[in-house]
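*Asks:* This is the structure alone, sequence omitted:
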């Protein structure tokens, strides 16, 4: 038997499922830790007595014989895994399902098999129909109601199930909505007493709504407003066409006192043809709507004070540029506001004059206050003490402000290398090295101006005596010399402790170049 030691507890156990969990990634196909270390118990099977067998369902140990288990040729012991009692219970529940013909369905409530036409459609169900038939669904809705009545969902009142009290609906079970007509258009207030429509009022509305005019209907139904009549008629699907009947062209416009008037399509009255009485609309032929503002519920008949007369416009044009807005409102336009004046000036394209703001008060504010005699005496005394620092009298005249004499001097913080590189000696050495190498990189051959640098073969810090020797320098480009560029010399060997041997190693092993090709240009490298 194969065994394995647990990597956590160190116990040696048989290598099987009872002690280790399976794992495909491992070599032996099991985990490294045992089941107990992972927080599980060992799967040790309970031993069964000889001559007995355990039922897989009831877990009882019964004698291994045909008296307790049925025969099964496919099993190694020739018996089923379940006992006869468990098999018998299973057979009882395996009753044959009731056969339902096509296009039929069984109701849950009445247990009757009915045609699909007796069921309402439901998109949420699998077959697209309700589980109960329409008659059973109606009974559910009307539990505790009288026959031919229905309870409103909002106000909880019991009303007759007719179209006089409930809206017609094709999707509902009984063809009517669940809320009454009174609650459908507004929120129900239980404290408020609703005046229901009587049968007589409904009959009058059905008979005369499509025939009579608005005024005649209000006389027949004095307790109802025109809005209530219209809403009730719309709920009963009574469509009225003569409210907005088209007006012929001869009657649409009319001149009264040499002023053009237009007839309203709703109230059938003439009003002046302007934006005061009719709202503007580009979609209409004449640019105005056919229903007046009074019928639309908007601001009707704007007062004449808001309109500018010709006399007011003439006065406004003359005085606007010479007077302020406050003066204009006080003296000439007491009924106008500041915004009215600004809007009017914007439409006429008038601006205030510049002379309007050049008065005594503004000039005094702009002029600087003159200095007093005391202030002048103080200035003269200070100038006498200090003297006039001009030309040779200035103590800093002719002094070169470099190094420690400069006011920005910070005790020599510039590094030594930077100081040396700025000297003319170093600049001359650099130019001679580049001139010897024909102003080209000795590794890649780059000749771009401004991209070349000089490299010390033996580094600048350690070999002080070789800093200005021409044979110790070589021309390189920034891509081959900069430590931030990948593959460059300083990126491979670093910037500290560089030598001539490292550079030759970089040429041969890293860049795979031939040394003689470089030595032809610079013969004094080795």
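*Replies:* In hand now; what should we look at? Small disclaimer: the values here were computed from a predicted structure and weren't measured.
*Asks:* And the chain, what are its domain boundaries?
*Replies:* For the chain, the structural domains run 52-93, 104-184, 199-243, 246-302, 306-357, 416-519, going by automatic domain parsing.
*Asks:* As a markdown table, those domains with distance to residue 12, mean pLDDT and mean neighbour count would be great.
*Replies:* For the C-beta atoms, the positions are set from N, CA and C on the backbone; glycine is no exception. Converted to a markdown table, the domains of the chain look like this (distance: least, Cβ to Cβ, whole Å; pLDDT from 0 to 100; neighbours: other Cβ atoms under 10 Å):
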| stretch | distance to residue 12 | mean pLDDT | mean neighbour count |
| --- | --- | --- | --- |
| domain 52-93 | 30 | 84 | 13 |
| domain 104-184 | 58 | 80 | 14 |
| domain 199-243 | 88 | 81 | 13 |
| domain 246-302 | 94 | 79 | 13 |
| domain 306-357 | 98 | 83 | 13 |
| domain 416-519 | 53 | 85 | 15 |
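*Asks:* JSON lines for the ones you listed, including distance to residue 402?
*Replies:* Formatted as JSON lines, these follow (distance: least, Cβ to Cβ, whole Å):
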{"stretch": "domain 52-93", "distance to residue 402": "103"}
{"stretch": "domain 104-184", "distance to residue 402": "92"}
{"stretch": "domain 199-243", "distance to residue 402": "96"}
{"stretch": "domain 246-302", "distance to residue 402": "79"}
{"stretch": "domain 306-357", "distance to residue 402": "56"}
{"stretch": "domain 416-519", "distance to residue 402": "13"}
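*Asks:* And these: which comes nearest residue 3?
*Replies:* When the domains of the chain are compared by Cβ to Cβ, domain 52-93 sits nearest residue 3, at 28.3 Å.
*Asks:* can you give me the helices in the stretch 51-200 of the chain?
*Replies:* Assigned by DSSP state H, counting those that start in this stretch, the stretch 51-200 of the chain shows helices spanning 84-93, 134-141, 181-184, 199-208.
*Asks:* Go through these and name the closest to residue 408.
*Replies:* That would be, of those and by Cβ to Cβ, helix 181-184, which comes in at 86.9 Å.
*Asks:* For residue 172, see how far away the residue most central in space within the chain is.
*Replies:* When Cα atoms, centre = their mean is applied to the chain, the residue found nearest the centroid is residue 124 (31.6 Å). Applying Cβ to Cβ, to the nearest Å, the value for residue 124 to residue 172 is 16 Å.
*Asks:* And for residue 491?
*Replies:* Residue 491 sits 82 Å away from residue 172, taking Cβ to Cβ as the criterion.
*Asks:* For stretch 376-396, which outside residues touch it?
*Replies:* Contacts of stretch 376-396 with the rest of the structure, by Cβ atoms under 8 Å, 6 or more residues apart in numbering, involve residue 397.
*Asks:* Repeat that for stretch 259-270.
*Replies:* Contacts for stretch 259-270 (Cβ under 8 Å, 6+ apart): 243-247, 251-256, 271-273, 277-278, 288, 290-292, 294-295.
*Asks:* Kindly check the end-to-end length of that stretch for me.
*Replies:* End-to-end distance for stretch 259-270, by Cα to Cα, to the nearest Å: 11 Å.
*Asks:* chain center to it: distance?
*Replies:* 50 Å (Cα atoms, centre = their mean, to the nearest Å).
*Asks:* In a strand, residue 254, correct?
*Replies:* Yes - with DSSP: H, G, I helix; E, B strand; the rest coil as the criterion, residue 254 is part of a strand.
*Asks:* where does the residue lying closest to it once chain neighbours are set aside land in three-state SS?
*Replies:* Counting by Cβ to Cβ, 6 or more residues apart in numbering, residue 254 lies nearest to residue 261, which is 4.8 Å off, once chain neighbours are set aside. Following three-state DSSP, we place residue 261 in the strand state.
*Asks:* partners of residue 261 in the sheet?
*Replies:* According to DSSP bridges, the partner residues bridging residue 261 are residue 254, residue 272.
*Asks:* in its sheet, what does the host helix or strand of residue 455 sit against?
*Replies:* Using DSSP states H and E, residue 455 sits within strand 452-456. Take DSSP bridges as the rule and strand 452-456 pairs in its sheet with strand 473-477 (antiparallel).
*Asks:* what does the strand holding residue 455 rub up against?
*Replies:* Defining contact as Cβ under 8 Å, 6+ apart, one finds that strand 452-456 is touched by 429-430, 433-434, 439-441, 446, 463, 466-467, 472-478, 481, 489, 498, 503.
*Asks:* Quick one: residues contacting residue 320.
*Replies:* Here residue 320 is in contact with 328, 341, 345, 350, 352 (criterion: Cβ under 8 Å, 6+ apart).
*Asks:* so how far is residue 330 from it?
*Replies:* For residue 320, the distance to residue 330 equals 14 Å [Cβ to Cβ].
*Asks:* Residue 88 too?
*Replies:* Between residue 88 and residue 330 the distance is 111 Å, computed by Cβ to Cβ.
*Asks:* ok, now residue 47?
*Replies:* Taken as Cβ to Cβ, the span from residue 47 to residue 330 is 115 Å.
*Asks:* before we move on, what about residue 274?
*Replies:* Distance, residue 274 to residue 330, by Cβ to Cβ: 32 Å.
*Asks:* Equivalent analysis for residue 409, please.
*Replies:* Distance from residue 409 to residue 330, by Cβ to Cβ: 70 Å.
*Asks:* likewise residue 197?
*Replies:* 60 Å.
*Asks:* same question, residue 199
*Replies:* 68 Å.
*Asks:* what's residue 174 in contact with, if anything?
*Replies:* Residue 174 touches 134, 138, 141, 150, 161, counting by Cβ under 8 Å, 6+ apart.
*Asks:* Would you mind giving the dihedral angles phi and psi of the closest residue to residue 202 other than its chain neighbours?
*Replies:* Leaving aside its sequence neighbours, residue 202 sits nearest to residue 164 (Cβ to Cβ, 6+ apart; 5.5 Å). Note on residue 164: its backbone torsions stand at phi -80, psi -20 [degrees, to the nearest 10].
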